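Novice: Any chance you can model this:
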Amino acid sequence: MVELNPKVLGLLKYYKTHPYEYVIDILKANPSNQQEEILKAIPKAIEDRKGIAVKSGHGVGKTCIAAWIIHWFMSTRYHPKVPCTAPTQHQLYDVLWSELKKWMYKSMFKDMFEWTATKFYNKKHPNTWFAVARTTNKPEGLQGFHAENLLFIADEASGVPVEIHEVIEGSQTQKGSIYIMLGNPTQLSGGFYDAFHSKRAFYKCFTLSTLETAAERPDIADVSYGSKIAAKYGEDSDIYRVRVLGEFPRAESGTLISLDMVEKAAMRSDEFVGPYEVIEIGVDVARFGDDETTIWKRIGNTITKENILRKRDTMYVSGQVALIVKKYHQLKTVYVNVDDSGVGGGVTDRLTELCETGELNATINGVNNGSRAFSPSIYINKGTEMWFFMKQWLKTGSIENDEDLIAQLSTRRYRLNSAGKNQMERKEEMKNRGLTSPDRADGAILTLLSLIHAPKNDSNRSYVC
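Specialist: Residues are numbered from 1 along each chain as shown. Have a look, this model is predicted:
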């Protein structure tokens, strides 16, 4: 174990106000220029009793910075406490906490500390010198921390509830304390947004652009990522602003579902509360060309991806759906909702045939998005109605954190037609704006059909087998 002899004490005294040098010398890391700027700002922020807020694009190493800061704080102060939080267990434990472990093994001071699944602590003082992982489920879990040296870390801070931010800010009374939040700027409200706006005087604010990081450090950020997102969604889209530039969304004019709403749904826990007896499968069918055939499932309040297919015929697609149905044979009720317009009709027919011969046990619904809405005075067709229902469902629902799904849900526009009915933007209009067909969004939305309308024989083709 490393002893705190005079030489080590001298080093720690120096590194206490030099986190950038600590990261290079002790952790043997190589920060980018953007990471260097943040590290060098921390001592002055502590002196001025300000927090640090970092909004970033995709793949710039923000969680890596958080892990470095935790190591630096833990190694250069006596009996510090470092509560860490994130909006999901995945982000907290699988991402941030595992990153902390990785850098512990690279540290020159690694023998001083112990890492567990929820705690990182000094071996000699485990009860007073530690960092801990705390979820945002209960604000009281982040209360009651008192120490001369107190560091709070919030990763993916845009998804951290307002009350959590308030608890943390309320604890910043000690001279040596600091609150550091990092995340993609997905939401136009909340504690993270306020740090860059109404509370900016209390934070040193930074923006990490994927383009800037990739230009300097292609070993950290993917140099092609920005051009890929621009080609798919346009440089004026909110997806590009958030994921590439590290800027807050503008809430695009005429868009039905905001990026903020979709990102919140993607941040929610996808753990099933179950057990459930019903599964609903949505199938949006493409044949050949650039479009995708997408297959999604909903169990309870969570939508996740089953398969994405390209350039496959209807028989192959039918076979893949049948395999998925059989995988969930233990559930009492299986709904399969297929986009029945165009080539999708062939999938509906084949799945129905499999049911009739006893090879499948499911309710097969052929859904024509252009058919009459369940509320025809409000919506021009069923497809529009289902998109509006998805908007409401997302307020409490959970979706897979799939970048294309998130983008497609948050970029489609709507308008009122001459009869005063809501009408979604046509796919041809989306393609004219340089966007891809919303195949993933359409497939995910189909998993909600039974929540809107109990399956029966009406304008849908419905087969109960």
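
Novice: what about residue 377, how many neighbours?
Specialist: 8 (other C-beta atoms under 10 Å). From N, CA and C alone the C-beta is placed, and that goes for glycine too.

Novice: Residue numbering should commence at 690 henceforth.
Specialist: Got it, the first residue is 690 from now on, which makes the last one we talked about residue 1066.

Novice: and it, what does it touch?
Specialist: residue 1110 (C-beta atoms under 8 Å, 6 or more residues apart in numbering).

Novice: On the three-state scheme, it is what?
Specialist: coil (DSSP: H, G, I helix; E, B strand; the rest coil).

Novice: Can you check what pLDDT the model gives it?
Specialist: Note for residue 1066: predicted pLDDT of 87.

Novice: quick one: it from residue 1104, how far?
Specialist: Distance, residue 1066 to residue 1104, using C-beta to C-beta, to the nearest Å: 17 Å.

Novice: ok, now which ones touch residue 753?
Specialist: Contacts of residue 753 (C-beta under 8 Å, 6+ apart): 718, 724, 788, 792.

Novice: ok, now with 10 Å
Specialist: Contact analysis of residue 753 by C-beta atoms under 10 Å, 6 or more residues apart in numbering lists 712, 718, 720-721, 724, 785, 788, 791-792, 909.

Novice: and if you look at residue 907?
Specialist: Neighbours of residue 907 in contact, by C-beta under 10 Å, 6+ apart: residue 913.

Novice: swap in residue 1105?
Specialist: 1069, 1111-1112.

Novice: and with 8 Å instead?
Specialist: 1111-1112.

Novice: got a pLDDT number for it?
Specialist: 83.

Novice: Report the beta-bridge partner residues of it.
Specialist: residue 1111 (DSSP bridges).

Novice: That one and residue 1067: what is the separation?
Specialist: 10 Å.

Novice: what do the two both touch?
Specialist: residue 1111.

Novice: do you know how far the nearest residue to residue 982 once chain neighbours are set aside is from residue 751?
Specialist: Using C-beta to C-beta, 6 or more residues apart in numbering and skipping residues adjacent in sequence, the residue nearest residue 982 is residue 998, 4.1 Å away. Residue 998 is 34 Å from residue 751, where distance means C-beta to C-beta.

Novice: And residue 1111, by the same measure?
Specialist: Residue 1111 is 39 Å from residue 751, by C-beta to C-beta.

Novice: quick one, helices of the stretch 1040-1154 of the chain?
Specialist: Listed in chain order, the helices of the stretch 1040-1154 of the chain (DSSP state H, counting those that start in this stretch) span 1071-1082, 1092-1098, 1116-1121, 1128-1134, 1138-1141.

Novice: Would you pull up how far the first one lies from the middle of the chain?
Specialist: What it means is helix 1071-1082. Here the centre of helix 1071-1082 is set off from its chain's centre by 22 Å, with C-alpha atoms, centre = their mean, to the nearest Å.

Novice: And it, what's buried?
Specialist: 1071-1080, 1082 (16 or more other C-beta atoms under 10 Å).

Novice: which residues touch it?
Specialist: 945-946, 950, 1056-1064, 1067-1068, 1098, 1101, 1103, 1111-1113, 1130-1131, 1133-1135, 1137-1138, 1140-1141, 1148.

Novice: mind redoing it with 7 Å?
Specialist: Applying C-beta atoms under 7 Å, 6 or more residues apart in numbering, the contact partners of helix 1071-1082 are 945-946, 1056-1064, 1068, 1111-1113, 1134, 1137, 1141.

Novice: If any of those are buried, give me the PyMOL selection for them.
Specialist: Buried subset of these, written as a PyMOL selection, criterion 16+ other C-beta under 10 Å:
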select buried, resi 945+946+1056+1057+1058+1062+1068+1111+1112+1113+1134+1137+1141
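
Novice: which one is residue 1128 nearest to, not counting chain neighbours?
Specialist: Nearest to residue 1128 is residue 981, by C-beta to C-beta, 6+ apart, at 4.4 Å.

Novice: tell me the contacts of the one you found?
Specialist: Contacts of residue 981 by C-beta under 7 Å, 6+ apart are 975, 997-999, 1128-1129.

Novice: and what of residue 821?
Specialist: Here residue 821 is in contact with 772-773, 807-808 (criterion: C-beta under 7 Å, 6+ apart).

Novice: In a markdown table: those residues, plus secondary structure and distance to residue 1019.
Specialist: Listed next are the contacts of residue 821 as a markdown table, based on DSSP: H, G, I helix; E, B strand; the rest coil; distance: C-beta to C-beta, whole Å:
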| residue | secondary structure | distance to residue 1019 |
| --- | --- | --- |
| 772 | strand | 41 |
| 773 | strand | 38 |
| 807 | coil | 33 |
| 808 | strand | 38 |
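
Novice: What is the lowest-pLDDT residue among those?
Specialist: residue 807 (91).

Novice: Could you count how many residues lie near it?
Specialist: With other C-beta under 10 Å as criterion, residue 807 counts 13.

Novice: before we move on, the earlier item: of all the helices of the stretch 1040-1154 of the chain, which one comes closest to residue 839?
Specialist: helix 1092-1098 (34.8 Å; C-beta to C-beta).

Novice: Contacts for the closest one next, please.
Specialist: Against helix 1092-1098 from outside (C-beta under 7 Å, 6+ apart): 922, 928, 946, 951-952, 955, 1088, 1127, 1129-1130, 1133.
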